[in-house]
Every structure is written in C-alpha cells, then in structure tokens.
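Student: Let's see this in three dimensions:
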Amino acid sequence: MNPTTDKPLEQTSSTAISNTAQLQALRNANVPRGISQLLPIFAARAQGATLTDVEGREFIDFAGGIGVLNTGHSHPKVIAAIQAQLEQFTHTCFQVVPFESYLRLAEKLNALVPGGPNKTMFVSTGAEATENAIKIARAYTGRPAVVSLEHSFHGRTLLGMSLTGKEKPYRTGFGPFAPEVYKIKAPYAYRCERSVCPRNGGACTCSSDLKTLFETQVDPSRVACIIVEPVMGEGGFVPLPTEYLLELRAICDTHGIVFISDEIQSGFGRTGGKLWAIEHAGITPDLLTSAKSIAGGLPLAAVTGRADIMDAPQVGGLGGTYAGNPLACAAGLAVLEIFEEENILEQGQTLGERLERELESLLQKYEGVGEHRGLGAMRALELVKSRDTREPDAESATKIVNAALERGLILIKAGMYGNVLRFLMPLNISDHELERGLEALHGAFAAVYDR
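Tutor: From the prediction side, this is the model:
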C-alpha cells in the first residue's frame, strides 16, 4: 500500500513491461524531456559489441555508451571483479574507511600517466573530474582564471557548462555561468578561415589566440590553468595539431599555468597505440582527467597529476560520498588487466587503421562526406551539403543514424552543427561484429545518398 494515500501501488517493475511501446510511454510520463533519446529502442542485454533490445532485436554497437565501453559490454573479467567485490562490501566512503582497491587503482594510474611522481583522486563522473581539476589548479596557483576552447565539452555542471564551448543544447537557458572562464578559438582545420592553416598546407597558428587573450582580456599572471581535449569529443572528433599543443604547453610553462589534458573521451586507448591521446604529441600534462572507459561501464572518474599540484588543496578540500566506489574501483583494476592481457592498445591501433580505410572509401564515393578525421579508433565523418561551401548537413546525418538502426547498427552524432558521425565501438570488437557493423554502415549511406 502507498503509506501516504492508502491506495494500492501501481506495478512499475521491469518484469511488468515487455515491449518498446510500453517503455516509451513509461519514459514519456516519468522522465523530463530535457534528457534526450537518440534512438527509439530499449536495451535488454549486451555482450561485447552486440546489444539486444527488449524486442529481441540485435544491434552492433558503434556508440559504446558514448565511449564508455572500450573493452566492450559485460566483459567477463569486469563482471567477475564486480561480483567478487559485491560479496565483500558495496560502500564505506573512502574518506571514512578507506579500502585497498582505491589505492591499487590510483597506484596504477599514477604509473600510466606521463610524468611523475603522480597522485590520483577518484570521483564518479567526468564533470566531477573537471571540477576537481580546476579546484586543484586554483589551489596550487592561487589564481582564479581558467581558459578553455570553443567547440569543447567539459560536462553539464555549472563550471562544466561554463567551460564548454558549445551553446546548444548544453548551455541554453542555464546561465548565468561561472566567472573567470575565458575561451579561445579551437584549431578546427576543416572550418578554419585562416590563410595559414594545416588545411591549406601550412602550420597551425591558432596558439596566437591565447597570446591575444592575455593582451586583451586577462593577464597570464591571473590564469590558473588551461584545459584542452587533445581530440575534441562532442565538438566533432577534431584532433588538435601537435604543434598547437606544444605551443600551449610552452606558454603554460612560461607563465606558470597548469596544463590540464581532458582525456575523458579520448583516453583509455581510444586513439590507438597509446593509453592517452596527449601522448601522441609527446607532451606531459600537469593534470589529466579520465572517466568513461576507466571502469568498463561503472561510474568512475579520476584526476591524476603531479604530486605537488595534487597535494595543494587543504585536507578535506577534495572528496565525495560516492567518490571511488569500491565496485567501480574493482572494475577499473579489471579493465587495466584486460588492456594488458588482450593487447587493447594494439587492437585500437589496428581498428583505427581499418576505420580510416572504410571512411576514406565513403569519402570517395559520396559527395555528402566533407571530411573523415580522427586519431586511432577515435574517428568521425563530417557531412556537408556542398564540399565547396562546407555547409553542415545535420539532416543527412540524422537520416543515416536512422537508416543504420534499421540495419542493426547503433550510431551517434557529434559536432557543433550535429552533422558529424562519430565511431566509438569497443576496441576489442570481434571481426564478425565489425564486419556486420560496417556492412550496415555502407548500407545506410547507400539508402540515404543513392537515390
């Protein structure tokens, strides 16, 4: 009975709902519209790169929960680690009663992140990692200002939105935003109008925008940190040029500014051959944020960086009730074992090379494909109405997502204009699953463009 009304409670358990139409009605009635739903299906189970919906239909998953499943759905080693931890305890709050798995995972990340000696703190989400990285940088430098890039995405919290360089849908209607956040243009070669640009065969000169910012808006002596995604995720899978990153690093060194590498989507082998995208540029960040694929699907995120910087906040200044949950830490340790045992970094490199060939074939075949780009297995296609004008074509991108779903493939979009198709399949996807997914992808393009 309902204790407040003495009326029988309605049955809302998952066992009472069995089909898509019922679940969609339940969602519409109970979940706010602000939470988007890209695909009209509901998951029932998933393994590897294959997801089965409540109707029993199988889909090859090229989205991976938005980059969370680099080691695939329901990896047996991850499941076993979670089950073993479940039999011990599910929560103590690390700040009250600490536990070994948090320490062991921190130790491993400290060794895997460039530089050192490093220290690591855990939280639950990427946005929390971003917030805490900024807090740590401010505590270390004693400075208030933060610099981020246009086209970036750093989370949905107040500070995360303030840092994010994409207005709709992430910032619209949610202001005012946090103060002392400054943005500079991102080196987005495909849409760059500079006469000297990698797209025109020249070097990237976008770092001059940071120097201009210092001259016109904020003195560098007031800047605590700059935060960049080495490959911008939601912004359209845009790799930042090595020369640009090197110049930013040099500017930070000159002015005592903390360099933060946001690896929440680009980390954990997504860019192939390296665990972190920033490693491809040969740069050692001061702080590095990670999340998504860190724990095989469980909510976990981390800030890792130079020990002297990480130790700057006062005792009690960092933490969180669920930060570093023991189930998630156990899963994180299992993920790192999988990376080593299954050579995931090498698999990511091979997958990236295969994807590059497939996307190039689509570029050659269809005029609506303006560019394919990426690093390793973090790859994307940008769709345009005209290659001459590069006008974004979000409508065709949506049609391809829908056509792919009809053929058993889960795809998602990205980019400032919603016209970029991004690929985030597990790095250890089986050959069979990959072939099925690519066949569906080619079929979807043919359905939209071959008319």
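
Student: which residues touch the helix or strand containing Gln47?
Tutor: The secondary structure element spanning Gln47 is strand 43-47 (assigned by DSSP states H and E). Contact partners of strand 43-47, identified using CB atoms under 8 Å, 6 or more residues apart in numbering, comprise Leu51, Thr52, Asp53, Val54, Gly56, Asp61, Gly72, His73, Ser74. Yep, even glycine has a C-beta here, placed from its N, CA and C like the rest.

Student: And Ser208, what's its pLDDT?
Tutor: pLDDT recorded at Ser208 is 87.

Student: coming back round to it: looking at the contacts of strand 43-47, which is nearest Gly370?
Tutor: Top of the list for closeness to Gly370, among the contacts of strand 43-47 and by CB to CB, is Asp61 at 25.6 Å.

Student: which residues of the stretch 151-300 of the chain fall in helices?
Tutor: When assigned using DSSP state H, counting those that start in this stretch, the helices of the stretch 151-300 of the chain occupy the ranges 158-163, 208-216, 242-255.

Student: could you redo the ones you listed as TSV and give each row mean neighbour count and distance to Thr289?
Tutor: Rendered in TSV, the data for the helices of the stretch 151-300 of the chain read as follows (neighbours: other CB atoms under 10 Å; distance: least, CB to CB, whole Å):
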stretch	mean neighbour count	distance to Thr289
helix 158-163	21	11
helix 208-216	15	20
helix 242-255	18	16
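
Student: As TSV, those helices with distance to Gln37 would be great.
Tutor: Formatted as TSV, the entries for the helices of the stretch 151-300 of the chain read as follows, by distance: least, CB to CB, whole Å:
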stretch	distance to Gln37
helix 158-163	21
helix 208-216	37
helix 242-255	36
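
Student: Show me the domain layout of this protein.
Tutor: Following the assignment in automatic domain parsing, the chain carries domains at 14-71+343-449, 78-341.

Student: pLDDT (mean, whole number) over the first one?
Tutor: Model confidence over domain 14-71+343-449 averages 96 on the pLDDT scale.

Student: What is the distance between that domain and the centre of its chain?
Tutor: 15 Å (CA atoms, centre = their mean, to the nearest Å).

Student: so what secondary structure elements neighbour the top strand by length along the chain?
Tutor: Residue-count comparison of every strand in the chain, with assignments taken from DSSP state E, identifies strand 378-386 as the longest. Judged by 3 or more CB pairs under 8 Å, 6 or more residues apart in numbering; DSSP states H and E, the packing partners of strand 378-386 are helix 344-365, strand 369-375, strand 391-392, helix 394-406, strand 420-423.

Student: orientation of the first one relative to strand 378-386 in degrees?
Tutor: Here helix 344-365 runs at an angle of 10 degrees relative to strand 378-386 (axes from the mean of the first three to the mean of the last three CA atoms, to 10 degrees).

Student: and helix 344-365, C-alpha only, in CSV?
Tutor: Extracted in CSV, the C-alpha atoms of helix 344-365 (Å, rounded to 0.1, in the frame of the first residue of the first chain):
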residue,chain,number,x,y,z
ILE,A,344,44.0,-3.5,-26.3
LEU,A,345,46.3,-0.6,-27.3
GLU,A,346,47.5,-2.6,-30.3
GLN,A,347,43.9,-3.6,-31.1
GLY,A,348,42.9,0.0,-31.0
GLN,A,349,45.7,0.9,-33.5
THR,A,350,44.6,-1.8,-35.9
LEU,A,351,41.0,-0.9,-35.6
GLY,A,352,41.8,2.7,-36.3
GLU,A,353,43.7,1.8,-39.5
ARG,A,354,40.7,-0.3,-40.7
LEU,A,355,38.3,2.5,-39.9
GLU,A,356,40.4,5.1,-41.7
ARG,A,357,40.2,2.9,-44.9
GLU,A,358,36.5,2.4,-44.6
LEU,A,359,35.8,6.1,-44.0
GLU,A,360,38.0,7.1,-46.9
SER,A,361,36.0,4.8,-49.2
LEU,A,362,32.8,6.6,-48.1
LEU,A,363,34.5,10.0,-48.7
GLN,A,364,35.5,8.9,-52.2
LYS,A,365,32.0,7.6,-53.0
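
Student: Tell me what angle that helix forms with strand 369-375.
Tutor: Using the same axes, to 10 degrees, the inter-axis angle of helix 344-365 relative to strand 369-375 is 170 degrees.

Student: contacting residues around the nearest residue to Gly376 once chain neighbours are set aside?
Tutor: In space, not counting the residues next to it along the chain, Gly376 is nearest to Gly272; the distance is 2.3 Å by CB to CB, 6 or more residues apart in numbering. Residues in contact with Gly272, defined by CB under 8 Å, 6+ apart, are Leu345, Gly348, Gln349, Thr350, Leu351, Gly352, Glu353, Leu375, Gly376, Ala377, Met378.

Student: among those, which ones are buried?
Tutor: A residue is treated as buried here by neighbour count (16 or more other CB atoms under 10 Å); on that basis the buried members of the contacts of Gly272 are Leu345, Gly348, Gln349, Leu351, Gly352, Leu375, Gly376, Ala377, Met378.

Student: Does the third one touch Gly376 like I think?
Tutor: By that I understand Gln349. Yes. Gln349 is in contact with Gly376 according to CB atoms under 8 Å; the separation is 6.1 Å.

Student: quick one on the thing from earlier: give me the PyMOL select line for the contacts of strand 43-47, limited to the buried ones.
Tutor: To isolate the buried ones among the contacts of strand 43-47 in PyMOL, judged by 16+ other CB under 10 Å, type:
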select buried, resi 51+53+54+61+72+73
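
Student: Contacts only, for Val113.
Tutor: Taking CB under 8 Å, 6+ apart as the criterion, Val113 is in contact with Thr120, Trp276, Pro285, Leu288, Thr304, Gly305.

Student: Neighbours of Asn132, how many?
Tutor: Applying other CB atoms under 10 Å, we find 25 other residues in the vicinity of Asn132.

Student: no wait, Ser261
Tutor: Using other CB under 10 Å, Ser261 has 31 neighbouring residues.

Student: Setting aside sequence neighbours, what's the nearest residue to it?
Tutor: Closest residue in space to Ser261, ignoring its immediate chain neighbours: Pro285 at 3.8 Å, by CB to CB, 6+ apart.
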